[in-house]
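Novice: could you look at this predicted model? Sequence included:
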Amino acid sequence: MSQTNASPTDRAELDSGRISLDSDNDIPVSSLEGESSPPEGEDEAKYVKISFAHDHAPFSWRKLFAFLGPGLFVSIGYIDPGNWATDIEGGSRFGYKLLWVLLMSNLMALLLQSLAARLGLATERDLAQLCREVYPRWACYALWVLCEIAITATDLAEVIGTAIGLNLLFGIPVILGVIITAADTLLFLLIQHFGIRKLELFIFGLLATVSSCFIIELFIVKPELPAILNGFIPRIDGESIYVAIGIIGATVMPHNFYLHSSLVQSRKIVRTPGNLRQAFWYNLIDCALSLNIAFFVNSSILIVAARMFFPTHTVTQIQEAHDLLENLLDSRLAPAVFGLGLLCAGQSSTLTGTLAGQIVMEGFVQMRIKPWIRRLVTRLIAIVPAVVVIMIAGQEGTYKLLIFSQVVLSLQLPFAIVPLIKFTSSNKIMGPGGMFKNTLWINVLSWISAGVIVAFNVFMLVSNFLIPMFQGSWLSITFAVVLVLPLSLALSAFLVYLALRKDDETTLQYGNLEPSSPSANNSLAESSNSIEMSSVSSSSPPSPSL
């Protein structure tokens, strides 16, 4: 981008990120002016302004760069320590057998996250806000509680993963590492002090580090390609279903739908039908690129575990995987890279959980608190069970707790997916006359995805919990009859209510549109086809205060 036609003053402002240049003529364009200015009282640094020359503008790499960000931000949550535990467990116990579950989960995540992005762009609401406005209060509070449980389960995985990473790299006892993780709130504040762009740079640097670690691991272990390809043939049994459910819960994370539908609103465009359709496609590309990076990392973890540990070693601790890598490969590089990747994964997913928690709390109950307070509270809630389990069951107990946390995510998943599908297929919510609602084949695939997840959950609940409980002692039978079975039936009834609730009960209209004309498209800037990036660059959140 040339700066030749800009005055010295303009050039200084351009360098500081306060203005941008017209993409064709290098003419300075004032920041965030016109109809697409941020809402009054909002921080302008949270928005990226993008305008299209017309409703059918050709593909532009510069526009794609402007839209990149929300998908990358969301993908961070797909490689948290909970994923590591389920992938290592799956690889060490079942070899490459569960690779197909990872692929299926990634495809479902891509489909459903693209729906979340479409929902946010079309309605200018996030999923939590729509739930509050559409559902009765009792249903809204129930969904909020379920989502908070999922976020706490995610934070629990981050606590344990970070503590284990500190143990592997620096020899810090795990229980002390768990307590130290409370201080990452201070790290969050420290980086935030330097601005949101520095925070993003830090997070994406961690993501790149994790990806690089597993590229190195794959070169070291040298997996066999035919065995990997065989792992993509679908098969499941009662023994592997629990780990498979954990993989699904770790890969398709429910709170990420709330997060993604909010983050995409940081891209400000003139809201004509053509512009929105172009924005849908750019966000789909962003989502596909980002989630495939996460799929590569998760597949690499499972492949490394399968290649090194199956069938001779069933790993019951992440530390055991670290030690076995050193012994089996007679190398210190592989375990060091493994520990570094785990530590970075734990820290990178911290911000995702913080933002999702803020969006969920504001959307469902309109309660807004400072992010560091929110972070500290959820982190302390996660630390308590981690410390108790370590004291009672040791490090092996933390590994089982990691996998259980991902199973909890999978059990909560349908309660985020069903409202998402219902909203994005609604004539009243998705633009005038439902012009942006899901096509028939998207609806079919979405409901199939929801059905698969529900079927997996039911099978796992019956085979791993209810049957063993009823075959156990009188105490376990009583627990199943008094608590587990009634709770399961109540949640099932609630899910059926969400799925069958009629669309015509919704009376609100969403997604105001501008007339489809060149003048409307040019109102964002003084000339057409300008792309203006705020100091956030490409991935700052629109609502939560950072």
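Specialist: Received, thanks.

Novice: host element of the nearest residue to Phe309 once chain neighbours are set aside?
Specialist: Distance criterion C-beta to C-beta, 6 or more residues apart in numbering; nearest residue to Phe309, sequence neighbours excluded, is Ser92 at 3.9 Å. Where you see a C-beta, it was placed from the backbone N, CA and C, and this is true even at glycine. For Ser92, the host element (DSSP states H and E) is helix 81-94.

Novice: show me what the next helix or strand after that helix is packed up against.
Specialist: Sequence order places helix 99-123 as the next helix or strand after helix 81-94, per DSSP H and E. Contact partners of helix 99-123 among helices and strands, from 3 or more C-beta pairs under 8 Å, 6 or more residues apart in numbering; DSSP states H and E: helix 70-75, helix 127-134, helix 241-251, helix 255-263, helix 273-309, helix 414-424, helix 440-461.

Novice: identify the residues contacting Phe296.
Specialist: For Phe296, the contact set (C-beta atoms under 8 Å, 6 or more residues apart in numbering) comprises 211, 214.

Novice: so which residues of the stretch 401-546 of the chain form strands?
Specialist: 531-532 (DSSP state E, counting those that start in this stretch).

Novice: show me the shaky parts of it.
Specialist: Within the stretch 401-546 of the chain, the stretches with pLDDT under 70 are 503-546.

Novice: ok, now with 90
Specialist: 401-413, 426-437, 452-453, 455-488, 501-546 (pLDDT under 90).

Novice: what's in contact with stretch 219-232?
Specialist: Under C-beta under 8 Å, 6+ apart, the answer for stretch 219-232 is 95-100, 103, 303-304, 306-308, 329, 331, 333-334.

Novice: now do the helix holding Ser92 against helix 241-251, angle only.
Specialist: Using axes from the mean of the first three to the mean of the last three C-alpha atoms, to 10 degrees, the inter-axis angle of helix 81-94 relative to helix 241-251 is 150 degrees.

Novice: put the alpha carbons of helix 81-94 into CSV.
Specialist: Output of helix 81-94 as CSV, limited to C-alpha atoms (Å, rounded to 0.1, in the frame of the first residue of the first chain):
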residue,chain,number,x,y,z
PRO,A,81,-5.6,-29.1,27.3
GLY,A,82,-8.9,-31.0,27.3
ASN,A,83,-8.3,-31.8,23.7
TRP,A,84,-4.8,-33.1,24.5
ALA,A,85,-6.2,-35.4,27.2
THR,A,86,-8.9,-37.0,25.0
ASP,A,87,-6.6,-37.2,21.9
ILE,A,88,-3.8,-38.9,23.9
GLU,A,89,-6.2,-41.2,25.6
GLY,A,90,-7.7,-42.1,22.2
GLY,A,91,-4.4,-42.7,20.5
SER,A,92,-2.7,-44.7,23.3
ARG,A,93,-5.8,-47.0,23.9
PHE,A,94,-7.2,-47.3,20.4
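
Novice: if we can go back for a sec, now, of the contacts of stretch 219-232, which are buried?
Specialist: Neighbour counting over the contacts of stretch 219-232 (16 or more other C-beta atoms under 10 Å) leaves 95-100, 103, 303-304, 306-308, 334 as the buried ones.

Novice: which residues does Thr251 contact?
Specialist: 78, 83, 102, 105-106, 109, 294, 298.

Novice: what's the closest of those to Ile369?
Specialist: Of all the contacts of Thr251, Tyr78 has the smallest distance to Ile369: 26.5 Å, by C-beta to C-beta.

Novice: need the contact list for that closest one.
Specialist: Contacts of Tyr78 by C-beta under 8 Å, 6+ apart are 109, 250-251, 253, 256, 291, 294, 297-298.

Novice: same check on Val304?
Specialist: Here Val304 is in contact with 91, 214, 217-218, 221, 223 (criterion: C-beta under 8 Å, 6+ apart).

Novice: make a ChimeraX selection of the buried ones in these.
Specialist: Of those, the buried ones can be selected in ChimeraX as follows, counting by 16+ other C-beta under 10 Å:
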select :91,214,217,218,221
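
Novice: can you list the contacts of Val304 in JSON lines and add pLDDT, secondary structure and distance to Phe456?
Specialist: Below are the contacts of Val304 laid out as JSON lines (pLDDT from 0 to 100; DSSP: H, G, I helix; E, B strand; the rest coil; distance: C-beta to C-beta, whole Å):
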{"residue": "Gly91", "pLDDT": "87", "secondary structure": "helix", "distance to Phe456": "19"}
{"residue": "Phe214", "pLDDT": "78", "secondary structure": "helix", "distance to Phe456": "26"}
{"residue": "Glu217", "pLDDT": "79", "secondary structure": "helix", "distance to Phe456": "29"}
{"residue": "Leu218", "pLDDT": "84", "secondary structure": "helix", "distance to Phe456": "28"}
{"residue": "Val221", "pLDDT": "83", "secondary structure": "helix", "distance to Phe456": "29"}
{"residue": "Pro223", "pLDDT": "86", "secondary structure": "coil", "distance to Phe456": "27"}
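
Novice: quick one on the thing from earlier: nearest to Ala117, out of the helices and strands packed on helix 99-123?
Specialist: Closest approach to Ala117 among the helices and strands packed on helix 99-123 (C-beta to C-beta): helix 273-309, 4.3 Å.

Novice: having no further points to raise, I will conclude here.
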